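Q: how would this look folded up:
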Amino acid sequence: MAKQLPCDADGVCMACKTKPLETETLHCRTCATPWHVPCLPLIPTSILDWECSDCSQPVAGDSAAPSVAGDLVSAIRAIENDVSLTDDEKAKKRQELVGGTSNSPAETNNRRSNGLLDIFDGSLNCSFCIQLPERPVTTPCGHNFCLKCFERWIKQGNRTCSNCRTAIPAKMASNPRINAQLAIAIRMAKVASSQGGVGGSSVPKVYHSVDNDERPDTAYTTERAKKTGKANACSGKIFVTIPKDHFGPIVAENDPTRNRGVLVGDTWEDRMDCRQWGAHLPHVAGIAGQSTHGAQSVALSGGYVDDEDHGEWFLYTGSGGRDLSGNKRTNKNQSFDQQFENMNEALRLSCRKGYPVRVVRSHKEKRSAYAPEAGVRYDGVYRIEKCWRKIGIQGHKVCRYLFVRCDNEPAPWTSDLSGDRPRPLPIIKEFKGAIDITERKGDPSWDFDEEKGCWLWKKPPPRSKKPVNIVDPVDGSKIKVVRPKTKKVSFKIKDRLLKEFGCNICRKVLASPLTTPCAHNFCKACLEGAFSGQSYIRNRASQSGRALRTQKNIMKCPTCSTDIADYLQNPQVNREMMGVIESLQQQAEQMEESSEESSVKSDENLKPDEETEVSKPCDSSEKVLKEINKNDLNPPQKRRKGTGGKAVANTEEHIDEVNVGSKAMALNKALN
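A: Just a heads-up that it's a prediction; the model follows:
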């Protein structure tokens with residue numbers, strides 16, 4: 001007798017090797033396996049309750065050798081007979097049984113040790129490199145890619161998503177934005193996996209941010225400064241003890257207020273607040289330095305069209321070359337050539353000496369994917385490797401500088417766990433036609449130490465020529481050492497991850513997350529509620545009543561000024577991010593349930609303060625009298641909670657000796 005074979009996963013019959021039609025396919029009632037009807041030895045009379053040969057075999061076999069298939073069929077039938085389950089839940093449970101998705105204890109323990117990273121690996125992998133997204137970019141259709149993979153895909157002439165073929169907006173294709181929340185969450189998952197999946201205060205902080213509420217003073221605006229913004233504002237107090245010509249990072253020794261220093265990722269509202277913490281002291285100029293001493297810091301704020309930002313390295317344009325006389329203080333057109341003088345010479349001197357230069361990025365840099373969405377952010381120290389002059393886009397010669405990152409902390413846009421390592425210099429095309437080329441000949445002052453594995457001063461830093469801020473312990477108006485007591489905060493890595501997936505409107509964990517083209521994440525209900533009642537088209541009419549051409553309503557993102565009206569017409573939920581959030585929430589709930597069960601068990605094992613002894617029944621009247629007297633003279637006291645959580649006994653009931661004697665006499669009569 002020929003063996004009966006069903007159809008495979010592609011729907012092809014394993015017996016006749018042909019793909020049957022839907023009218024010739026029959027599904028088993030128990031295991032839902034498709035079968036080819038002409039290949040069956042017996043044509044079934046009923047197609048509703050039909051079972052295949054595997055499921056119709058008797059389950060009760062020999063007791064010495066239990067049937068595995070019989071156990072499987074019994075489990076499937078138990079699922080089918082469960083009235084509390086829906087059809088979808090039954091199908092899912094059948095699939096789990098037949099597909100064998102349940103893990104063994106060893107696999108379960110292995111996944112627990114690396115569970116957070118497995119959650120991200122399962123659904124967030126880039127479709128091109130099949131790895132966790134490096135500098136993730138989220139398309140409006142809800143798919144995540146690496147920034148380099150996405151840019152390579154766009155350069156090939158593709159303008160649709162590689163997963164769903166949804167059209168990518170032209171603005172996003174030309175200037176993709178990094179999803180900072182997703183990058184931070186991936187980094188935290190990597191940290192948790194390296195620590196064995198255990199969260200706590202021992203987990204090193206690799207990304208830091210400072211809120212304005214934590215600062216005691218801020219820059220303020222005078223009454224005479226009637227203009228908007230802080231162009232004529234008064235600067236606040238400097239909170240760090242560094243001179244104005246301080247080179248390199250600002251460490252904890254220079255921060256008596258917080259005792260932490262200025263860390264990579266620290267953000268401020270504007271340049272005035274940034275000045276108070278010494279990251280970049282000038283609140284207008286883009287370069288801080290002295291022509292005979294060197295440059296200490298620069299700011300990337302989109303002031304020159306020649307700038308190119310690539311994250312770990314960028315091409316910076318010097319200052320000058322513009323006519324700012326009279327009322328042309330905001331002139332952005334080049335009118336003459338730049339020279340290596342003043343601040344440009346300070347940058348060239350830092351290039352020759354190999355000094356570290358602090359770099360801050362402003363939200364005004366609209367052409368960079370690495371600029372923050374709002375405010376000013378400190379991105380670490382860079383080193384100038386080369387500088388030259390060339391004819392810029394506007395037709396005049398400009399000074400150009402190649403900055404390469406060399407910081408011990410990872411950049412805010414990466415998911416790396418460590419800082420930079422020495423990297424080869426990028427190939428600069430414009431370097432071939434450049435003039436006045438300057439390169440460093442000797443060893444740099446700030447370089448990487450292979451033995452210690454970090455960047456440090458190989459040569460003594462330049463001595464300061466400016467007065468140094470000091471701490472006055474007597475006058476409280478000056479910088480004063482304040483060391484707050486460290487509070488032990490108990491947290492879990494999963495809770496921190498869920499906190500990173502927060503909506504920018506309700507500040508809660510994202511529910512049905514939407515990622516806008518400007519890389520901001522919102523709950524679907526919050527984003528739609530923010531624009532509820534607004535139409536996409538605005539009807540206009542003249543004073544005479546004649547209808548004019550309709551205009552498109554501009555709907556700005558709640559976080560930035562990007563127009564998202566086209567995106568709001570068909571917003572797509574970020575399914576990959578939603579799956580990660582749901583998995584994290586399930587694991588957090590399981591951990592809470594297990595902790596509650598352990599606490600209940602521990603409470604059950606604790607002995608009460610006073611245990612009541614129960615006497616066994618006996619025939620002796622003397623023992624019974626002793627028990628009655630003991631219980632009446634010492635009644636059980638009711639306890640209530642007083643101040644401080646201490647138990648207080650209620651002694652409102654008084655003992656009546658007459659009642660005790662009458663009870664004893666009645667018992668004697670009953671016994672006699």
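
Q: per-residue pLDDT, Glu409?
A: The model reports Glu409 with a pLDDT of 94.

Q: I meant Leu633, not that one.
A: You'll see Leu633 listed with a pLDDT of 43.

Q: Got phi/psi on Glu345?
A: Backbone geometry at Glu345, expressed as degrees, to the nearest 10, gives phi -70, psi -30.

Q: now the one 5 residues further on
A: With angles defined as degrees, to the nearest 10, Ser350 shows backbone torsions of phi -60, psi -30.

Q: who's in contact with Pro444?
A: By C-beta atoms under 8 Å, 6 or more residues apart in numbering, the residues touching Pro444 are Lys353, Gly354, Tyr355, Arg383, Lys458. The way it works is simple: take the backbone N, C-alpha and C, and place the C-beta from them, glycine included.

Q: nope, Gly392 is what I meant
A: Gly392 sits next to Tyr304, Val305, Asp306, Thr317, Gln334, Val398 when contact means C-beta under 8 Å, 6+ apart.

Q: gap between it and Lys17?
A: Noted for Gly392: a distance of 69 Å to Lys17, by C-beta to C-beta, to the nearest Å.

Q: what number of residues lie near the closest residue to Ala170 other than its chain neighbours?
A: Counting by C-beta to C-beta, 6 or more residues apart in numbering, the nearest residue to Ala170 once its immediate chain neighbours are dropped is Arg159, at 7.6 Å. By other C-beta atoms under 10 Å, the residues close to Arg159 number 12.

Q: for Arg159, what are its contacts?
A: For Arg159, the contact set (C-beta under 8 Å, 6+ apart) comprises Ala167, Ile168, Ala170, Ala173.

Q: The second one - how many residues pack around it?
A: Summarising burial for Ile168: neighbours were counted as other C-beta under 10 Å, giving 20.

Q: Pass me the low-pLDDT residue ranges in the stretch 551-672 of the chain, would you?
A: Scanning the stretch 551-672 of the chain for pLDDT under 70 picks out 592, 595-672.

Q: now swap in the stretch 401-550 of the chain and tell me
A: Applying pLDDT under 70 to the stretch 401-550 of the chain picks out residues 468-496.

Q: could you pull out the helices for it?
A: Secondary structure of the stretch 401-550 of the chain (DSSP state H, counting those that start in this stretch): helices at 493-500, 524-530.

Q: Deepest-packed of those helices, please.
A: Stretch with highest mean neighbour count among those: helix 493-500 (a mean of 19; mean count of other C-beta atoms under 10 Å).

Q: Can you list the low-confidence ranges for the stretch 101-250 of the chain?
A: Low-confidence segments of the stretch 101-250 of the chain (pLDDT under 70): 101-122, 192-218, 220-234.

Q: now do 90
A: 101-134, 140-144, 149, 152, 156-175, 177, 179-244 (pLDDT under 90).

Q: what about the helices in it?
A: Listed in chain order, the helices of the stretch 101-250 of the chain (DSSP H, counting those that start in this stretch) span 105-113, 115-123, 147-155, 170-174, 180-194.

Q: follow-up on the earlier one: list only those of the contacts of Gly392 flagged as buried.
A: Among those, those classed as buried by 16 or more other C-beta atoms under 10 Å are Tyr304, Asp306, Thr317, Gln334, Val398.

Q: wait, isn't Arg538 in contact with Arg549?
A: No - assessed by C-beta atoms under 8 Å, Arg538 is found out of contact with Arg549, at 10.4 Å.

Q: sorry, back to before: return the subset of the contacts of Pro444 lying in helices.
A: Those of the contacts of Pro444 mapping onto helices are Lys353, per DSSP state H.

Q: And the contacts of Pro444, which is closest to Gln590?
A: Proximity of these to Gln590 (C-beta to C-beta) peaks at Arg383, which lies at 47.8 Å.

Q: List the contacts of that closest one.
A: Neighbouring residues of Arg383 by C-beta under 8 Å, 6+ apart: Gly354, Tyr355, Pro356, Val357, Phe403, Val404, Cys406, Pro444, Trp446.

Q: try 10 Å
A: By C-beta atoms under 10 Å, 6 or more residues apart in numbering, Arg383 lies in contact with 313, 350-351, 354-357, 402-407, 420, 440, 444-447, 455.

Q: Need the pLDDT of it.
A: The per-residue pLDDT reported for Arg383 equals 96.

Q: ok, now the one 5 residues further on?
A: According to the model's per-residue confidence, Trp388 sits at a pLDDT of 95.

Q: and it, backbone torsions?
A: phi -160, psi 180.

Q: Distance of the residue nearest to it when sequence neighbours are not counted relative to Ser84?
A: Nearest non-adjacent residue to Trp388, counting by C-beta to C-beta, 6+ apart: Ala434, 3.7 Å away. Look at Ala434 and Ser84: by C-beta to C-beta, they are 76 Å apart.

Q: can you check Ser325 too?
A: Taken as C-beta to C-beta, the span from Ser325 to Ser84 is 82 Å.

Q: quick one, which of the two is more surrounded?
A: Applying other C-beta under 10 Å to Ser325 and Ser84 shows that Ser325 carries more neighbours, namely 8 against 5.

Q: Make sure the more buried one is indeed in a helix.
A: No - applying DSSP: H, G, I helix; E, B strand; the rest coil, one finds Ser325 to be coil, outside a helix.

Q: which ones are touching it?
A: Residues counted as contacts of Ser325 (C-beta under 10 Å, 6+ apart) are Asn331.

Q: do the same with Gly303
A: Counting by C-beta under 10 Å, 6+ apart, Gly303 touches Ala285, Gly286, Thr317, Ser319, Arg322, Lys332, Ser362, Lys364, Glu365.

Q: Kindly reformat those residues as TSV containing distance to Lys190, secondary structure and pLDDT.
A: Listed next are the contacts of Gly303 as TSV, based on distance: C-beta to C-beta, whole Å; DSSP: H, G, I helix; E, B strand; the rest coil; pLDDT from 0 to 100:
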residue	distance to Lys190	secondary structure	pLDDT
Ala285	38	coil	89
Gly286	34	coil	92
Thr317	36	strand	95
Ser319	40	coil	92
Arg322	45	strand	87
Lys332	42	coil	81
Ser362	29	strand	94
Lys364	32	coil	91
Glu365	28	coil	90
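
Q: Separate out the buried members of those residues.
A: With burial judged by 16+ other C-beta under 10 Å, the buried subset of the contacts of Gly303 is Gly286, Thr317, Ser319, Arg322, Ser362, Glu365.

Q: need those residues in CSV with distance to Pro136, can you?
A: Below are the buried ones among the contacts of Gly303 laid out as CSV (distance: C-beta to C-beta, whole Å):
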residue, distance to Pro136
Gly286, 29
Thr317, 29
Ser319, 34
Arg322, 38
Ser362, 22
Glu365, 20
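
Q: and which of those is nearest to Val12?
A: Checking the buried ones among the contacts of Gly303 against Val12 by C-beta to C-beta gives Glu365 as the nearest, at 57.1 Å.

Q: In CSV, list the contacts of Gly303 along with distance to Ala299.
A: Output for those, formatted as CSV (distance: C-beta to C-beta, whole Å):
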residue, distance to Ala299
Ala285, 8
Gly286, 5
Thr317, 12
Ser319, 11
Arg322, 17
Lys332, 16
Ser362, 6
Lys364, 9
Glu365, 9
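
Q: Could you give me the buried positions within stretch 127-141?
A: Residues of stretch 127-141 classed as buried by neighbour count (16+ other C-beta under 10 Å): Ser127, Leu132, Pro133, Glu134, Arg135, Pro136, Val137, Thr138, Thr139, Pro140, Cys141.

Q: Could you give the number of residues near Glu151?
A: Using other C-beta under 10 Å, Glu151 is surrounded by 15 other residues.

Q: where does Leu85 sit relative to Glu51, distance-wise?
A: For Leu85, the distance to Glu51 (C-beta to C-beta) stands at 20 Å.
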